[in-house]
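> Predicted coordinates and the sequence they were generated for:
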Amino acid sequence: MSKLISVLACFMAVECVALSGCSEADTNTDGGEGEGEGEGEGEGEGEGDTNEDTDSEPTFDCNDAAGIDESAGDSYGAGAVRAQHTPLSCGNGSSVEQDNGPPINRINLVIIGDGYTASELETTWATHVSNALEIMFGPNTEPYRTYRNYINVCRINVASPESGVDLATGSWPPSNYSYSEYKDTAFDGVCNEENRLGTMDDQKVRLKLNEVLSGTGLDADWIGAVLNTDRWCNAGGAFAYWAGATSPLDVAFHESGHSWHGLADEYGGPGVYSGDEPAAVNMTKTHGAKWPEWADFDQPVIGRIGWYEGGLYVTSGIYRPSNDSKMNWTGNPHNAICMQKIVHDIYELVRPIDAWTDNQLPLENPCRIAIKLVDPSLVQVRWFIDGAQVDTADKETLWLSTRTLSVGSHTVAVEVTDPTSYVRNDRTSLRQELQWEVSIE
C-alpha cells in the first residue's frame, strides 16, 4: 500500500491543523509500505512485478528525445516537459507579484487599485497589495497558503490624479448618494461610510484590465479592486472590493469568498428567511442538509461544524455550518465547508500536472516518461506499466531504460491525486490520469 505524503499525515494527526494550515509537506516519493487513509490510496494490481528505478545500465538502446518538443514555448501540455517556463507578463506598467507557472494552468489573481497617484504606485499602492498578500498566504486564510503554487498574482498600476476616493452616505445605488468629499480618480471609487460599501465603476475597471492584459495570454480569474482609504468600505460584487488601508485586511478574502467562490454571508439580522434554497454551499434552509460529511467535525479555531440557525442577514429560518467563520467575522479562518468549496474552485481551473511527455502518438524506445507537477508536495503519484503499479525514485519521472521490458507494445500510465483533507465530498476534479503507448524494439 502506497505511503501517503505528509500533507495527509498531518491532517490525520490533528484533524488537519490543515483546517488552520497543514501546508508543509515533504516531497518523499510513493512506494514505501504503510497504512493510511485518503482518496487515491490503494494497491495497484501486480505491484512490484516490474523492477524499480535504479542507476543500472540501460537494458535497451533508448531514445531520450522521444515525446519531447524542444520548441515548446512554455511548461504546459504534452511534449513540454523540458521546456522552460516563459516568465509571467502582467502587461505594460504592471508588476508581477507572484509567478508560479504558466497562466493557462494557474489561478490568475489580478489586483487593481483606485485613488493612488503616480508617486504612490511604488509606495502606498505596493504596500497595500503586499499587506493583502501577506494575509492571503497566512494561516488564517487557508486554503490559499497550501495552494500558493497554484496561484499567480499581478499588480496593475494605474495612477489617479488625486489620492483617495470619494466619501459618501446614503442608500444604493451611487446616484442616490450624498457626497461629502470628491476625488478625481481613474475608476470613480466611492467609500460609503453609511452602508460601508466600497465600489468603483466596473465598466472602467474592465476596460483597463482588457487593455493592460491584452497579448499577455493571461485571463483574470479572480479580481481584487482596492480603494485607497482607511475607512471600512468593502463589497463582494463583480470584483472583490476592499479598502487598502483598513484593518483587518482579512476582509479582502471575505469579499473574495463572495465574488469568486459564491459564498454567502453567515451573519444574521432581524427577520425570518423566507426565500428559496440558497445557491451558496454554506447556507441551507434544511437542518442536516448540504454538508453532512462534515457533521461534528471539531475544526481548530472555528469549533464544531453543524447547523447553526441564522445567516443571510436574518436570525432564523436558515442555517450556517459554524458558529463563526470568515464569512461571518472576517478575522477568523474559513470554516471547513467554505474551504472545501475553495479547493474545488481551484481545481476547476488548475490541473495538478503542468506538462508531460507527448502521449498523442506511440513512443519508440523512450528512455523515460516524465511529468511536471504544479506542486509535488501536495499530490500522491502512482505509475503503472501494463496495469502493474511500479515504484519510482522520483514522482515526476519513470525510467524505462533500466527496466526489463519485453520487445513489443506496452502501456504506461500515471495517476496523480490530491489527498487533501480539505475535501470530503466528490474528489473527481482532484485527480488527473495520463497514458502513453510505448513500443520497445
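Perfect, I can see it now.
> Run through the residues that contact the residue nearest in space to the middle of the chain.
Centroid-nearest residue in the chain: residue 346, 3.9 Å away (criterion: C-alpha atoms, centre = their mean). Each residue near residue 346 by C-beta atoms under 8 Å, 6 or more residues apart in numbering is listed here: 107, 143, 147, 150. The C-beta positions use only the backbone N, C-alpha and C, and glycine is treated the same way.
> and the second one, how many neighbours?
This means residue 143. 24 (other C-beta atoms under 10 Å).
> re earlier: mind listing which of the contacts of residue 346 are in strands?
Among the contacts of residue 346, DSSP state E puts residue 107 in strands.
> Can you select the buried ones among the contacts of residue 346 for me in PyMOL?
Buried residues among these (16 or more other C-beta atoms under 10 Å), as a PyMOL selection:
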select buried, resi 107+143+147+150
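> Among the contacts of residue 346, which one lies nearest to residue 284?
residue 143 (21.9 Å; C-beta to C-beta).
> residues in contact with that closest one?
By C-beta under 8 Å, 6+ apart, the neighbours of residue 143 are 18, 334, 339, 342-343, 346, 420, 422.
> separation between it and residue 351?
Going from residue 143 to residue 351 by C-beta to C-beta, to the nearest Å gives 17 Å.
> again, but for residue 199
Residue 199 is 35 Å from residue 351, by C-beta to C-beta.
> who has more neighbours, these two?
residue 199 (27 against 17).
> The more buried one contacts residue 177, correct?
No: counting by C-beta atoms under 8 Å, residue 199 stays clear of residue 177, with 10.1 Å between them.
> anything in contact with each of those two?
Overlap of the contact sets of residue 199 and residue 177 (by C-beta under 8 Å, 6+ apart) consists of 190, 192.
> for the protein, what helix or strand is lowest in average pLDDT?
helix 6-14 (a mean of 34; mean pLDDT, DSSP states H and E).
> Other residues contacting the helix or strand just after it?
Going down the chain from helix 6-14, the next helix or strand is strand 77-78, by DSSP states H and E. Residues from elsewhere that reach strand 77-78 (C-beta under 8 Å, 6+ apart): 67, 69, 355-360.
> Out of the contacts of residue 346, which two sit at the greatest distance?
Spatially, the most separated pair among these is 107 and 143, at 11.7 Å (C-beta to C-beta).
> and residue 141, backbone torsions?
Main-chain dihedrals, residue 141, degrees, to the nearest 10: phi -130, psi 30.
> contacting residues around the spatially closest residue to it that is not a sequence neighbour?
Among residues not flanking residue 141 along the chain, residue 253 sits closest, at 5.1 Å (C-beta to C-beta, 6 or more residues apart in numbering). Each residue near residue 253 by C-beta under 8 Å, 6+ apart is listed here: 135-136, 141, 144, 240, 326, 330.
> Could you dump those residues into JSON lines and include pLDDT?
Output for the contacts of residue 253, formatted as JSON lines (pLDDT from 0 to 100):
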{"residue": "135", "pLDDT": "95"}
{"residue": "136", "pLDDT": "96"}
{"residue": "141", "pLDDT": "94"}
{"residue": "144", "pLDDT": "98"}
{"residue": "240", "pLDDT": "97"}
{"residue": "326", "pLDDT": "96"}
{"residue": "330", "pLDDT": "87"}
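> Emit the PyMOL select command for whichever of the residues you listed are buried.
Paste this into PyMOL to select the buried members of those, with burial taken from 16+ other C-beta under 10 Å:
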select buried, resi 135+136+141+144+240+326+330
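> count of residues packed around residue 309?
Residue 309, neighbours per other C-beta under 10 Å, totals 14.
> need the contact list for it.
315-319.
> Most neighbours among those residues, which one is it?
residue 318 (26 neighbours).
> On the three-state scheme, that residue is what?
strand (DSSP: H, G, I helix; E, B strand; the rest coil).
> how near is it to residue 281?
14 Å.
> got the contact list for the closest residue in space to residue 375 that isn't next to it in sequence?
Distance criterion C-beta to C-beta, 6+ apart; nearest residue to residue 375, sequence neighbours excluded, is residue 149 at 4.1 Å. By C-beta under 8 Å, 6+ apart, the contact set of residue 149 is 100-101, 374-375, 378.
> now residue 266
282-283, 311-312, 320-322, 325, 327-328.
> Dump the residues you listed into a markdown table; add pLDDT and distance to residue 74 as well.
Formatted as a markdown table, those follow (pLDDT from 0 to 100; distance: C-beta to C-beta, whole Å):
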| residue | pLDDT | distance to residue 74 |
| --- | --- | --- |
| 282 | 98 | 36 |
| 283 | 98 | 40 |
| 311 | 97 | 44 |
| 312 | 97 | 43 |
| 320 | 98 | 42 |
| 321 | 98 | 40 |
| 322 | 98 | 41 |
| 325 | 95 | 38 |
| 327 | 97 | 36 |
| 328 | 95 | 41 |
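> That concludes my questions; thank you for your assistance.
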